[in-house]
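[1] sequence and predicted structure below; questions after.
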Amino acid sequence: MAEPLRVLHYINAFFGGLGGEEEAHTAVSLQDGALGPGRLLEQILADEGQVIATIMCGDGYFSEHEEAVVAQVQGYLRDLKPDIFLAGPAFRSGRYGLACGRLCLEAERLGIPAITGMHEENPGGDLYRPQHLYIIATAASAVGMQPALQRMAALAIKRRRGLPLGSAAEEGFLPRAVRRTVRTGIPAAARAVAMALKKWHGEPYTSELTVETFEVIPPPPPLSDPSKMLFALVTESGLVPRGNPDRLPSATATHWAKYSIAGMDRLVPGEWDGVHGGYDNSAALQNPNRVVPLDAVRALEREGMIGQLLDELFVTVGNLGSLNAMKRIGAEIANTLVQRGVGAVILPAT
Amino acid sequence: MEPDRGAFNLEVGVFPLQRLVFASQTHYQNGTLGINRAALLNAIAEPRVIADIEIHLAHPGESCRIVHVLDAVPLMVKVEGRSTVFPGFFGSAIPAGEGRNHRIRGASVLVCGTFPDPTSGALSPAEVIIDMSGPAAPYCAFSDTANIVLVCHPAPRISNAEFDAALHRAKLKAAVYLARATTSIEPPELERYHLPAVDAMLPRIVYVNLLHQQGLMAQTFLYAMHTQGLEPTILHPNEMLDGALVNGNYRAPGRGITSAHCDNSLVRELYRRHGDDLNFLGVVVGRGWQDTQFLKERQGWMMARVARLMGAQVAIVSADMSGTGGNNTIDFMQTIKACEHMGLRTVAILQEAGNPDGTDPTLVDYVPEADALVSVGGVGWHAPAAPAVDRVIGGLTVQPSIAQDALDASGPLQVESWYGAIWKRSELGLSAEDA
């Protein structure tokens, strides 16, 4: 028998037994042993683990002092060094879910396996599932406490002990934006026909990929006075100086490069190459300005429509780019632009 | 009664193959195909365009790697019927899918080559590699067939387009020439393909197939014509078995293959169940990889419109069973959406993208109507590294990514995807799950 695991449990003040105003505004506190649902959790853990302490906080207090609470909980995690961190379950309570999600994320960052539980409609799930957090799917209310804690405990034990995990459906957690290759033993064509017939007959079927919604990126507000701003050209078109000095790949880029365009009135054909593997680049090679419109931007600069153009062109390859890599590349380029004092970016797409 | 000359009834005489050997005459017997190298060369030679053709043989299990692969073709010939196999490539484009073919199963013609003029961008061949043995072999298409490999070298001052056209002729002629060794032999197995009327209550299913078409080196031929301006049309599945679709797409290694068109596993599955629990109406083909959002949406509606007018109630959407691609994910999703909106219950087979650890979002586009998806997993996932090999066919170096220097083709290799990766994954039954 392995050593019992030392569990740190987070609950809100309501589940800690407080009510009314007190419930919402209770500051974060730590107490020894199990409290509220933690007692049931201990029964479920039996010999496998013990709730060494419980963190309690009012949901209102958390949302008003999130960073302060996080700092305090980080301190508890560092001091107590629990084997696992369990939060909630929060069921459909949105503010509780947001607190559980955030604190689990902090525990994971410290290398402590963390599990929470939420109903699939809890906004905490929408926020923290894409960050790969393990969130056990629960009922909408506390009537589902027992099965939720059982699954949370089972998953936490498996993770801590390094045991293989089943799929999200098998372990009972919400999809957390992590995909794993599996062998079904059945060719895709046969699975597709079987699924189509089920769909036709109105029988239940399970899609092998649940479509995740994408982050909506609102357009920025209009520029107040472009004539006084420093502009930059940034492109994912893979337009690079001939010879591709930074070895940008034709697809799935993980880095970016910058090239001097100081003193250039236009991009000269023959001096540039298009390494992006996703579009027919023959027109771009004939006239690189049609991908990166340096000629047109210089004209705007001369006319005083825009203040000035930065002397560097920022380039990556968007073809089949991983969203996470592209987010990082975008942030790195944006940081550089901010340091250079750039106020506006022209982003020609392919 | 007069025979129906317009029917699509096809018989395929199947000749199993275990071994290829060079021989003094081209001759099939008991699973062995002897190949007269000079006669094969003579059948496919085009010295004005192809200066030199090397012919190599490679069998499953050999320590052998085949590189710069452009396409693979099944060995087949029409012994009776109104058209030829690969219709349009050998004379008039007469409707295929009828009569009798002979097919040597277990063998493939592979064509390899390097284009004379430099290429970059989308219209550029990707490095494509097959290992005939070792840990990567199960993930390489054609590691399990005996292969006749044609390594083609262009003549001086020949354009990429001229060379490409000659490569298509060469591979198809070779496939027909070799299959001809069986024409006077009674086939050990005979398969019959036709779609008789079935119980009217069975759901009427179409296969909606998006073809890869972007330009030279990224195209699919329908009856020997590229599909650039193709409006969606209907194929009887027998036309696909007969080679009405020929691959001219050399992009990502996971892409379409002539053999995969001819042996399309979804066509086979729908055929197998026709009359049992479904009514297979046929295949809608149209061009994927359209150039603008307007055209992508239009294409979706045009595909769905044809499917609906065929009387379909259920649609299964795939892009060649090979790969939905990046920008084509939009065409693909628009097709699913349009099919659902035209009243078809729709299922789609797709591959996922993103990093091998699966923590990236795996689709670049989606529609809420895509609620029944079959995944073959991520194209770059589960691609084992390969050790050095004894023999390499097709070139001395490989360059799986332009971001890296060329590598010794015989050395240990770690590539993102092997030849036919997506097709192979779909056949092997690989999928992905939330984990």
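    Good, I have the coordinates.
[2] tell me where the stretch 101-250 of chain A has helices.
    Taking DSSP state H, counting those that start in this stretch as the test, the helices found in the stretch 101-250 of chain A are A:123-128, A:145-160, A:168-171, A:188-201.
[3] quick one: the second one near chain B?
    In other words, helix A:145-160. No: in terms of CB under 8 Å from any CB of the partner chain, no part of helix A:145-160 sits within range of chain B; the closest distance is 12.1 Å. All C-beta atoms are positioned from the backbone trio N, CA, C, and that covers glycine.
[4] which parts of the stretch 251-400 of chain B are helices?
    According to DSSP H, counting those that start in this stretch, the helices that the stretch 251-400 of chain B contains are B:258-262, B:265-273, B:293-309, B:328-341.
[5] what angle do the longest one and helix B:328-341 make?
    For helix B:293-309 against helix B:328-341, the angle between stretch directions is 40 degrees (axes from the mean of the first three to the mean of the last three CA atoms, to 10 degrees).
[6] so what touches helix B:293-309?
    With contact meaning CB atoms under 8 Å, 6 or more residues apart in numbering or on different chains, helix B:293-309 is reached by B:206, B:208, B:210, B:231-234, B:284, B:286-288, B:290, B:315, B:330-331, B:333-339, B:341-344.
[7] give the buried residues for it.
    Buried residues in helix B:293-309, counting neighbours by 16 or more other CB atoms under 10 Å in any protein chain shown, are found at B:296-308.
[8] and if you look at the second one?
    Using 16+ other CB under 10 Å as the burial criterion, the residues of helix B:265-273 that qualify are B:Ser265, B:Leu266, B:Val267, B:Arg268, B:Glu269, B:Leu270, B:Tyr271, B:Arg273.
[9] tabulate those residues (a markdown table), appending distance to A:Pro245 and pLDDT.
    What follows is the buried residues of helix B:265-273, written out as a markdown table (distance: CB to CB, whole Å; pLDDT from 0 to 100):
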| residue | distance to A:Pro245 | pLDDT |
| --- | --- | --- |
| B:Ser265 | 44 | 93 |
| B:Leu266 | 45 | 96 |
| B:Val267 | 47 | 96 |
| B:Arg268 | 49 | 96 |
| B:Glu269 | 49 | 97 |
| B:Leu270 | 51 | 98 |
| B:Tyr271 | 53 | 97 |
| B:Arg273 | 56 | 98 |
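[10] in JSON lines: these, plus distance to chain A.
    Output for the buried residues of helix B:265-273, formatted as JSON lines (distance: CB to the nearest CB, whole Å):
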{"residue": "B:Ser265", "distance to chain A": "4"}
{"residue": "B:Leu266", "distance to chain A": "4"}
{"residue": "B:Val267", "distance to chain A": "8"}
{"residue": "B:Arg268", "distance to chain A": "7"}
{"residue": "B:Glu269", "distance to chain A": "4"}
{"residue": "B:Leu270", "distance to chain A": "6"}
{"residue": "B:Tyr271", "distance to chain A": "11"}
{"residue": "B:Arg273", "distance to chain A": "6"}
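[11] farthest-apart pair in those, please.
    B:Ser265 and B:Arg273 (12.8 Å; CB to CB).
[12] residues in contact with the closest residue to chain A within the stretch 1-150 of chain B?
    Using CB to the nearest CB, the single residue of the stretch 1-150 of chain B nearest to chain A is B:Gly121, 3.2 Å away. B:Gly121 makes contact with A:Ser250, A:Gly274, A:Val275, A:His276, A:Gly277, A:Gly278, A:Tyr279, A:Asp280, A:Asn281, A:Ser282, A:Ala284, according to CB under 8 Å, 6+ apart.
[13] ok, 7 Å please
    For B:Gly121, the contacting residues are A:Gly274, A:His276, A:Gly277, A:Tyr279, A:Asp280, A:Asn281, by CB atoms under 7 Å, 6 or more residues apart in numbering or on different chains.
[14] by neighbours, which of those residues wins?
    A:His276 (30 neighbours; other CB atoms under 10 Å in any protein chain shown).
[15] chain neighbours aside, what residue packs nearest to that residue?
    Distances taken as CB to CB, 6 or more residues apart in numbering or on different chains place A:Gly238 nearest to A:His276, at 3.1 Å, with adjacent residues excluded.
[16] ok, now A:Asn324?
    B:Asp360 (5.0 Å).
[17] do the same with B:Ala166
    B:Ala166's closest residue in space is B:Val49 (CB to CB, 6+ apart), at 4.0 Å.
[18] now do the same for the one you found: its pLDDT.
    Residue-level confidence at B:Val49 comes out at 97, pLDDT.
[19] that one contacts B:Pro156, correct?
    No: using CB atoms under 7 Å, B:Val49 is not in contact with B:Pro156, being 10.5 Å away.
[20] and these two? Which one has more around it.
    A count of neighbours by other CB under 10 Å puts B:Val49 above the other of B:Val49 and B:Pro156, at 20 against 6.
[21] mind listing what the more buried one touches?
    Listed by CB under 7 Å, 6+ apart, the contact partners of B:Val49 are B:Pro154, B:Ala155, B:Ile158, B:Glu162, B:Phe163, B:Ala166.
[22] and B:Ile35, by the same measure?
    Contacts here follow CB under 7 Å, 6+ apart; on that basis B:Ile35 touches B:Leu20, B:Phe22, B:Ala23, B:Thr26, B:Ile148, B:Leu178.
[23] up against chain B, what does the stretch 1-150 of chain A have?
    Residues of the stretch 1-150 of chain A lying near chain B by CB under 7 Å from any CB of the partner chain: A:His132.
[24] any idea how far chain A is from the residue lying closest to B:Gly286 once chain neighbours are set aside?
    Closest residue to B:Gly286 apart from its sequence neighbours, by CB to CB, 6+ apart: B:Pro232 at 3.6 Å. Using CB to the nearest CB, to the nearest Å, we find B:Pro232 at a distance of 20 Å from chain A.
[25] go ahead and confirm B:Pro232 touches B:Val283.
    No: using CB under 7 Å, B:Pro232 is not in contact with B:Val283; the gap is 10.4 Å.
[26] who's more crowded, these two?
    Neighbour comparison, B:Pro232 and B:Val283: the larger count goes to B:Val283, with 25 against 21 (by other CB under 10 Å).
[27] contacting residues around stretch A:132-140?
    A:89, A:91-92, A:101, A:104-105, A:115-120, A:125, A:128-129, A:144, A:148, A:151-152, A:155, A:172-174, A:176-178, B:359.
[28] and it, average pLDDT?
    96.
[29] and what of stretch B:214-230?
    95.
[30] that stretch vs chain A: in contact?
    Yes: with CB under 7 Å from any CB as the criterion, chain A is reached by stretch B:214-230 at B:Gln214, B:Gly215.
[31] for that stretch, which positions count as buried?
    B:214-224, B:226-227, B:230.
[32] with just CA atoms, put the helix ranked longest in chain B into PDB.
    Taking DSSP state H as the criterion, chain B has its longest helix at helix B:160-179. Presented in PDB, the C-alpha positions along helix B:160-179 are these (Å, rounded to 0.1, in the frame of the first residue of the first chain):
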ATOM      1  CA  ASN B 160       8.000  21.400 -65.200                       C
ATOM      2  CA  ALA B 161       4.600  21.200 -66.900                       C
ATOM      3  CA  GLU B 162       6.000  19.100 -69.800                       C
ATOM      4  CA  PHE B 163       7.800  16.800 -67.400                       C
ATOM      5  CA  ASP B 164       4.700  16.400 -65.200                       C
ATOM      6  CA  ALA B 165       2.500  15.500 -68.100                       C
ATOM      7  CA  ALA B 166       5.000  12.900 -69.200                       C
ATOM      8  CA  LEU B 167       5.200  11.400 -65.700                       C
ATOM      9  CA  HIS B 168       1.400  10.900 -65.700                       C
ATOM     10  CA  ARG B 169       1.600   9.100 -69.000                       C
ATOM     11  CA  ALA B 170       4.600   7.000 -67.900                       C
ATOM     12  CA  LYS B 171       3.100   5.700 -64.600                       C
ATOM     13  CA  LEU B 172      -0.300   4.900 -66.200                       C
ATOM     14  CA  LYS B 173       1.200   3.200 -69.200                       C
ATOM     15  CA  ALA B 174       3.400   1.200 -66.900                       C
ATOM     16  CA  ALA B 175       0.500   0.100 -64.800                       C
ATOM     17  CA  VAL B 176      -1.500  -1.000 -67.900                       C
ATOM     18  CA  TYR B 177       1.500  -2.600 -69.600                       C
ATOM     19  CA  LEU B 178       2.300  -4.800 -66.500                       C
ATOM     20  CA  ALA B 179      -1.400  -5.800 -65.900                       C
END
